[in-house]
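1. A structural model of the following input is requested.
(one chain, ligands or ions: 1)
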Amino acid sequence: MIGLPEAVSACLFDLDGVLTGTAALHREAWKKTFDAFLRERDGADFRPFTDEDYLQHVDGRPRADGVREFLSSRGIELPEGDPSDPPSAGTVNGVGNRKNELVLDIIAQRGVDPYPGSRRYLEAACRAGLKIAVVTSSANGRAVLEAADLTGFVEARIDGIVIKERKLRGKPAPDSFLAGAEALGVKPEHAAVFEDALSGVEAGRAGKFGFVVGVNRADQAGELREHGADVVVDDLADLLGDHE
Ligand SMILES: O=P(O)(O)OC[C@H]1O[C@@H](O)[C@H](O)[C@@H](O)[C@@H]1O
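-> I've put the predicted structure just below:
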């Protein structure tokens with residue numbers, strides 16, 4: 001009916017890039033942050049942060065994991081620091097806080113738009129009686145859902161704040177999605193995961209969920225399949241029959 005196996009009774013949606021167009025805003029803030037960091041460290045001929053760096057090392061992961069993963073891909077290790085570090089601090093938390101300032105500025109300037117096809121899909125999932133959770137690595141998940149006016153669809157939210165409080169492992173580990181299924185009271189095999197990030201579809205596969213939908217927002221359909229997507233769509237509305 002809405003493009004899912006019969007056994008599925010719950011949907012676990014990633015947020016940035018699946019329900020809202022905010023993945024591009026995160027990517028932009030990360031690029032500014034890392035390019036400034038690398039320029040200061042290596043001088044004017046620094047090697048810039050690329051879209052590929054974002055997709056491989058940062059996309060979908062909790063903030064501090066993204067900092068660590070990307071820097072380690074360039075052979076750089078920083079002290080962890082503390083979440084209260086100022087954005088100027090040369091620590092994992094400092095770099096993450098700098099990016100958070102930037103992304104919040106960008107979101108405030110441009111606003112948050114839900115994808116029209118995703119809103120239609122949420123409406124169809126509700127009509128079909130499916131349970132709905134949002135599972136996002138972002139500590140800004142609640143604010144983004146509210147700004148997109150999607151909060152009313154969501155029965156449970158596992159976000160970057162919950163992940164930290166409960167000491168869950170970030171995507172590509174399945175922990176946050178497993179917590180989402182548990183919050184809805186369903187077994188993983190009865191839940192579908194919706195993800196645009198390679199780390200996210202990998203988490204879906206690792207958690208043995210009933211179905212993993214890869215949402216192709218960055219021309220990486222093949223990689224989404226390789227990392228664990230059972231099906232890949234360009235837009236969630238592609239899963240809906242004509243009558244929905
Ligand atoms: O820095 P935040 O808002 O806590 O978000 C962490 C991550 O959240 C994910 O949803 C995004 O795909 C990443 O780009 C982002 O880095």
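2. Secondary structure class of the residue nearest the centre of the chain, three-state.
-> Centroid-nearest residue in the chain, with CA atoms, centre = their mean: residue 60, separated by 3.7 Å. Under DSSP: H, G, I helix; E, B strand; the rest coil, the three-state class of residue 60 is coil.
3. I figured it hits residue 137, correct?
-> Yes: counting by CB atoms under 8 Å, residue 137 is a contact partner of residue 60 at 6.1 Å. Where C-beta positions appear, they are placed from N, C-alpha and C, glycine not excepted.
4. Common neighbours of these two, please.
-> Residues touching both residue 60 and residue 137 (CB atoms under 8 Å, 6 or more residues apart in numbering): residue 171.
5. For the closest residue to residue 198 other than its chain neighbours, the count of nearby residues, please.
-> Counting by CB to CB, 6 or more residues apart in numbering, residue 227 is the residue found nearest to residue 198 once chain neighbours are left out, at 4.6 Å. Look at residue 227: counted by other CB atoms under 10 Å, it has 21 neighbours.
6. Also residue 44?
-> Residue 44 has 5 neighbours, counted by other CB under 10 Å.
7. returning to that earlier point: list the contacts for the residue nearest to the centre of the chain?
-> For residue 60, the contacting residues are 14, 137, 171-172, 195-200, 203, by CB under 8 Å, 6+ apart.
8. and with 7 Å instead?
-> Counting by CB atoms under 7 Å, 6 or more residues apart in numbering, residue 60 touches 14, 137, 171, 197, 199-200.
9. again with residue 83
-> Counting by CB under 7 Å, 6+ apart, residue 83 touches residue 93.
10. wait, is it part of a helix?
-> No: according to three-state DSSP, the state of residue 83 is coil, so it is not within a helix.
11. could you measure it against the ligand, distance?
-> Separation of residue 83 from the ligand (CB to the nearest ligand atom, to the nearest Å) stands at 11 Å.
12. And the pLDDT at that residue?
-> Model confidence at residue 83, given as pLDDT, is 94.
13. swap in residue 1?
-> At residue 1, pLDDT is 77.
14. coming back round to it: nearest to the ligand, of the contacts of residue 60?
-> residue 137 (4.0 Å; CB to the nearest ligand atom).
15. Neighbours of the residue nearest to the closest one when sequence neighbours are not counted, how many?
-> Among residues not flanking residue 137 along the chain, residue 62 sits closest, at 4.4 Å (CB to CB, 6+ apart). Other residues within reach of residue 62, judged by other CB under 10 Å, total 23.
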